[in-house]
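Trainee: Quick check, what structure comes out for this input:
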Amino acid sequence: MTIVILFICTALIPDAKSQISVQAQLGYALPWAENDVPDGSITVKSSNVQEIDLYKKSFGAGQYYTFSLSYPVVPNFSLGLQFSYLSGAKTSLTVDFSPNYSVETYSGRMLWVTPQILMEKPFRHLTAYVGIGPSVGLSGKIIKEFKDGNQSTVYESKGISSKGMAYGVSSKLGVAYFIGKKKQMKLLAEIQLISASYAPRRSDLVKLNKNGTDILGSLTVSERAVVYKKNQITDQTVTPDPNQPSVATIRYYAFSSVGINIGIAYLLFAGKE
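Mentor: Coordinates of the predicted model:
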């Protein structure tokens, strides 16, 4: 057992010729693996019938800012750690059922932390690589903004769903082009795929205006805050405590995306040759 531990530790410590790669990238991703979002629905009253529209949405689309580190364990095989911050793209829905109208806007935020296994195939000036690893999402947010009303009354509100962690899998396929005679810098271009979902643990109404006047203070705690729990069953015969957040069942939202990243990498020598 001692021999095995020593072997693993020796393999993970960069030798005199090992190079640690520091990478910075910028990218944009489009949604995929979308799911229905019923709480973003629009209720239309027609002939005393209420109809709820579902629409498909993945909150993983938007701008990505990525920083990562990697170092070789054996030839053509590296271990890495990647940090990606998602500044989600906004999606808007507008419905005009005169004399009323409704505008709803949604976006997401997430910090992905991904340990990765990287496999590389070097060529003369290029290196092709693939990477895969589990992703953990931190500081996740789903931002919902609403504006609805008519010619005489307009309501504007903003809610933020947060807390909890997201989980998924990240993979990428890319090429690196060496620049400079020392080959310590590389230009990167890659396709990244993230398959993940996020279940917020709490929602808070942070803005509520009526004709431009703030009326958020008129709401009770139970009216402006919701805590989500698994398999929650609400007893409609019990009056909720107005000084405590409401309780609802957890719902999972898609945060999956496929995008393109471009950036630069700098190779740091771990020791002298």
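Trainee: So which elements touch the host helix or strand of residue 63?
Mentor: Using DSSP states H and E, residue 63 maps to strand 62-74. On a contact count with 3 or more C-beta pairs under 8 Å, 6 or more residues apart in numbering; DSSP states H and E, strand 62-74 meets helix 2-12, strand 19-31, strand 77-88, strand 100-122, strand 257-269. Using the backbone N, CA and C atoms, a C-beta is placed for each residue, glycine as well.
Trainee: can you tell me how far the closest residue in space to residue 60 that isn't next to it in sequence sits from residue 89?
Mentor: Nearest non-adjacent residue to residue 60, counting by C-beta to C-beta, 6 or more residues apart in numbering: residue 257, 3.5 Å away. Applying C-beta to C-beta, to the nearest Å, the value for residue 257 to residue 89 is 10 Å.
Trainee: and for those two, which residues touch both?
Mentor: Counting by C-beta atoms under 8 Å, 6 or more residues apart in numbering, the residues touching both residue 257 and residue 89 are 61, 62.
Trainee: And the two? Which one has more around it.
Mentor: residue 257 (28 against 18; other C-beta atoms under 10 Å).
Trainee: Tell me if I'm right that residue 178 and residue 122 touch.
Mentor: No: contact criterion C-beta atoms under 8 Å: residue 178 and residue 122 do not qualify, at 9.5 Å.
Trainee: The two: who's more crowded?
Mentor: Legend: neighbour count by other C-beta under 10 Å for residue 178 and residue 122, higher for residue 178 (19 against 13).
Trainee: Alpha carbons of the host helix or strand of that one, as PDB, please.
Mentor: Assessed by DSSP H and E, residue 178 sits inside strand 166-179. Provided in PDB are the C-alpha atoms of strand 166-179 (Å, rounded to 0.1, in the frame of the first residue of the first chain):
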ATOM      1  CA  ALA A 166     -25.800  23.000  -9.400                       C
ATOM      2  CA  TYR A 167     -24.300  19.700 -10.800                       C
ATOM      3  CA  GLY A 168     -23.400  18.500 -14.300                       C
ATOM      4  CA  VAL A 169     -20.800  17.300 -16.700                       C
ATOM      5  CA  SER A 170     -18.500  19.500 -18.900                       C
ATOM      6  CA  SER A 171     -16.600  18.300 -21.900                       C
ATOM      7  CA  LYS A 172     -14.500  20.200 -24.600                       C
ATOM      8  CA  LEU A 173     -12.700  19.600 -27.800                       C
ATOM      9  CA  GLY A 174     -10.100  22.100 -29.000                       C
ATOM     10  CA  VAL A 175      -6.800  23.000 -30.600                       C
ATOM     11  CA  ALA A 176      -3.900  25.000 -29.400                       C
ATOM     12  CA  TYR A 177      -1.400  26.800 -31.700                       C
ATOM     13  CA  PHE A 178       2.100  27.600 -30.400                       C
ATOM     14  CA  ILE A 179       3.400  31.100 -30.900                       C
END
